[in-house]
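>>> Okay, here's the prediction I keep looking at, along with the sequence it came from:
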Amino acid sequence: MKTTSLLFCSLAALSVSSPVLAETSAAAVRTSIETALNQSAAAWTAGDLAKFMQVYEKSPSIRYMGSNGIVVGYDAIQSMYAARFGKGPSMGKLSLDLVDVQQVGPQYAFVVGRYHLQQDNGATVSGVTSLLFHKVGTQWLIVADHSS
C-alpha cells in the first residue's frame, strides 16, 4: 500500500510540475533567441557584418530564401548580404520584433518575426521573416531563414 501511495504522489507531483517546466523552458528559449537576434541586429546597425552573421550556424547546408531566390551555405549568405548592403555604417539600422517562437523538439525552434531596416537615405524596409533555429551547445543559431 505504501508503494502505491508513493507512486500515486510521485505521478501527481510530476503532472502538476510538467506544465510549469514546459512554460519555463519555452520562455527561456524565447529569451535566448530574442537576445541572439538583438545582438545580431546591433552588429548590423554598427556595420559589423561578421558579427551579425554569428547568429547563423556556420555550415555549408544552411539556407536563406528571399525574393531573389535561395542561397545555400554560410559563406554564400554572408557574400549575398555584403553585395546587397555593403559593409560599415551604411548598412542601416536593423530591428526585429518577434511574433511567435515555437520549440520543435529539444534542439530546434521555429520563429516568426517582423524586421525593420531604416536605410541611410531615410527609407524604411519592413517585412516578415521565418527562421528555423538549431541549438548548438548553449547557442541558438539560424539554419534556415526565409525573409520577404
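On my side now, so go ahead. Numbering: from 1, shown residues only.
>>> and stretch 61-77, how far apart are its ends?
11 Å (Cα to Cα, to the nearest Å).
>>> in that stretch, what counts as buried?
Across stretch 61-77, burial judged by 16 or more other Cβ atoms under 10 Å covers 62-64, 71, 73-74, 77. Every C-beta, even on glycine, is put in place using the N, C-alpha and C of the backbone.
>>> Which one of these is nearest to A109?
I62 (15.0 Å; Cβ to Cβ).
>>> sorry, back to before: tell me which of the buried residues of stretch 61-77 is nearest to Q103?
I62 (19.4 Å).
>>> And the closest one, how far from T35?
20 Å (Cβ to Cβ, to the nearest Å).
>>> If we go by neighbour counts, what in stretch 126-146 is buried?
129-135, 140-145.
>>> got TSV for these, with pLDDT and distance to G113 too?
As requested, the buried residues of stretch 126-146 are arranged in TSV below (pLDDT from 0 to 100; distance: Cβ to Cβ, whole Å):
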residue	pLDDT	distance to G113
T129	98	5
S130	98	8
L131	98	7
L132	98	12
F133	98	11
H134	97	17
K135	97	18
W140	97	13
L141	98	16
I142	98	11
V143	98	16
A144	98	14
D145	98	11
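>>> Need the max-distance pair from those residues.
By the measure Cβ to Cβ, T129 and K135 form the most distant pair in the buried residues of stretch 126-146, at 19.0 Å.
>>> So which of the buried residues of stretch 61-77 sit within helices?
Judged by DSSP state H, these include 74, 77 as members of helices.
>>> Output the below-cut-off pLDDT ranges for the chain.
Low-confidence segments of the chain, defined by pLDDT under 70: 1-24, 88.
>>> Touching, P106 and W140? I think so.
No - contact between P106 and W140 fails when scored by Cβ atoms under 8 Å: they sit 11.9 Å apart.
>>> Would you map the helices across this structure?
Counting by DSSP H, the helices of the chain are 2-45, 49-52, 74-85.
>>> what about N121, neighbour count?
Applying other Cβ atoms under 10 Å, we find 7 residues neighbouring N121.
>>> Please report the distance of it from T35.
30 Å.
>>> Enumerate the beta-bridge partners assigned to the spatially closest residue to A26 that is not a sequence neighbour.
Leaving out its chain neighbours, the residue that sits closest to A26 by Cβ to Cβ, 6 or more residues apart in numbering is Q103, at 6.0 Å. Note on Q103: beta-bridge partners by DSSP bridges are A109.
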